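S.K.: Structure here, sequence nowhere to be found:
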């Protein structure tokens, strides 16, 4: 459900209201949700979906998902988080997620950027090159 | 075996353990060959996007919250949530001599079953047309081998000449004849060892054509020995609209390689009406605002940026474009025909009525024009055919009046007689282009009234007999006309002797 133009515009405005200092604020989000519940705008479901999508995309920009095949230490995670914080000039948190299909190495996903340093990724590149 | 292992080892050596940054997104929706994507925050306009399963796409709509992308390849395997990646590359096609004699798709991949193409270079599909300073005026001829065109609507190297007409009026035939003629000229020129000879390589782009028609075209070119100088880019009616939209741009890139490497090339876009339709389809699916006849607002820019890539470059080669437009019931004032007419340097208009009267090629002399070609016409053609267009126009005007009355003065009768002979003489069977020297000789005979005593209905056979006579017995004279490219006293004397000899043998038959 994509919603019409007005719904899209409203979702965009509500998303902007959810930010404080360029970051998604839980209090602001709670306020926005309260407004939606109270005002019950037209196409509320479509609006909520669009709003949720925008928030998810924004949150993903501040969160590094580190996929790993072998063990990963907390220190490594912290190192990745600080490196990303520096690179993107915004506070970035990192969480680990085991993915045995990588065979070895790491894959870091932040927003729509992907940092590939896994054996599986290199094998894919090799298969495309040959 | 060992070579394969070495290749893999080389590739492994190239791989580094450094992290590679990629920009990714996910498929939100796929419909009618167009995918809507989330993410891809760094994607560039017209960038290639890698889909799972090897399909690639081109990012055409960059919006605030989604990317619209046309998919080139099999869309049936794609599903919502699949991950896509940017490639950092603009869509490119292989270019070079290795493509000659081959049939490729819109992405330059071979489709003729003759194995892979060993291309050393790749050119981007979308390229900015050459600027003003690097261009040179059109002053070298490109012979189509069609007498009506070469004598009255001449085409120069680097020109864009539109071929326009209803369905079944012989538009493609003119293009194929022109390509065949380039093949013949190339063979003669390259065999002569003349270092100043510049061959013309051809690119035929089939857009939205029936596959059977493309097969027929390939067979015709192969039979005429012209395929070895030709590249065929096929985006047939069965291909998705994205491929049909890209095919002419791919063809232009292939042609540009010849132009930028000091060679001359000819490109045929057959046809741009179907190209516009494919682009309209993509644009509507991408939800771009539609305008007149539901075409998007940038359909003029689509064709102008394509046709502007045809040029003659200073110190380099040239790319001549023959775009084809199919009209509906002869309506040249429709949206796409008027657009392309205004972009090109002239048009050859083919009329259904003429075609049905048996006048083939059905070139309408009144509506056809070549804006820059006359400066490219060689002297001999100007000498023998300079007045033909005017005479034929007068004939058409008088012929309309002649239907109503029998009392015509001698001058009008003479004009009608002459006009009807010119019309007969310009009749030419398909796949049979004539060399420029033979055209000049026949037109010289017409100018010198050799056909005046022949009955109108016998003019075609007389002209054929003269052509046979000249090619079989006066080869040296024809070579001289070709080399000198003008009517000297010596050549005229030779032509007179030959024509007198022929006339006496023809009269005796």
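M.R.: Cool, the structure landed. All values reported here derive from a predicted model rather than from experimental measurement.
S.K.: What is the three-state secondary structure of residue 37?
M.R.: Defaulting to chain A. Here residue A:37 is recorded as helix under DSSP: H, G, I helix; E, B strand; the rest coil.
S.K.: wait, chain B
M.R.: Reduced to three states by three-state DSSP, residue B:37 is strand.
S.K.: if I pick it, what's in contact with it?
M.R.: Neighbouring residues of residue B:37 by Cβ atoms under 8 Å, 6 or more residues apart in numbering or on different chains: B:25-28, B:49, B:66-69, B:84. In short, each C-beta sits where N, CA and C put it, glycine included.
S.K.: Go again with 10 Å.
M.R.: Contacts for residue B:37 (Cβ atoms under 10 Å, 6 or more residues apart in numbering or on different chains) come out as A:112, B:24-30, B:43, B:49, B:51, B:57, B:59, B:61, B:66-69, B:82-84.
S.K.: And it, how far from residue B:281?
M.R.: 19 Å (Cβ to Cβ, to the nearest Å).
S.K.: Neighbours of residue 6, how many?
M.R.: I'll assume chain A. Residues lying near residue A:6 (other Cβ atoms under 10 Å in any protein chain shown) number 12.
S.K.: was after chain B, sorry
M.R.: Counted by other Cβ under 10 Å, the residues lying close to residue B:6 total 10.
S.K.: Ok, residue B:122 next?
M.R.: Per other Cβ under 10 Å, the neighbour tally for residue B:122 reads 16.
S.K.: Now it, what are its backbone angles?
M.R.: The phi and psi torsions at residue B:122 (degrees, to the nearest 10) take the values phi -130, psi 140.
S.K.: so who does the closest residue to chain A within the stretch 251-400 of chain B touch?
M.R.: Across the stretch 251-400 of chain B, no residue is closer to chain A than residue B:287, which sits at 10.5 Å (Cβ to the nearest Cβ). By Cβ under 10 Å, 6+ apart, the residues touching residue B:287 are B:34, B:36, B:61, B:63, B:68.
S.K.: Which ones among those residues also lie next to chain A?
M.R.: With the criterion set as Cβ under 10 Å from any Cβ of the partner chain, the members of those near chain A are residue B:36.
S.K.: Please convert the buried members of the contacts of residue B:287 into ChimeraX selection syntax.
M.R.: This is how ChimeraX selects the buried members of these, with burial counted by 16 or more other Cβ atoms under 10 Å in any protein chain shown:
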select /B:34,36,61,68
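S.K.: Where strands are concerned, which of the contacts of residue B:287 count?
M.R.: If you go by DSSP state E, the contacts of residue B:287 have B:34, B:36, B:61, B:68 in strands.
S.K.: Drop the exposed ones from the contacts of residue B:37 and show what's left.
M.R.: Of these, these count as buried by 16+ other Cβ under 10 Å: A:112, B:24-25, B:27-28, B:30, B:43, B:49, B:51, B:57, B:59, B:61, B:66-69, B:82-84.
S.K.: Mind pulling up the pLDDT for residue B:2?
M.R.: pLDDT, residue B:2: 67.
S.K.: for residue A:2, that is, sorry about that
M.R.: Reported pLDDT for residue A:2: 53.
S.K.: Next: residue B:508.
M.R.: Predicted confidence (pLDDT) for residue B:508: 68.
S.K.: And residue A:117, by the same measure?
M.R.: For residue A:117, the model assigns a pLDDT of 87.
S.K.: State whether it is indeed within a strand.
M.R.: Yes - the assignment for residue A:117 is a strand, going by three-state DSSP.
S.K.: can you pull the contacts of it?
M.R.: A:102, A:104-108, B:16-20.
S.K.: ok, the contacts of residue B:287 vs residue B:186, which is closest?
M.R.: Nearest to residue B:186, judged by Cβ to Cβ, of these is residue B:34 at 41.6 Å.
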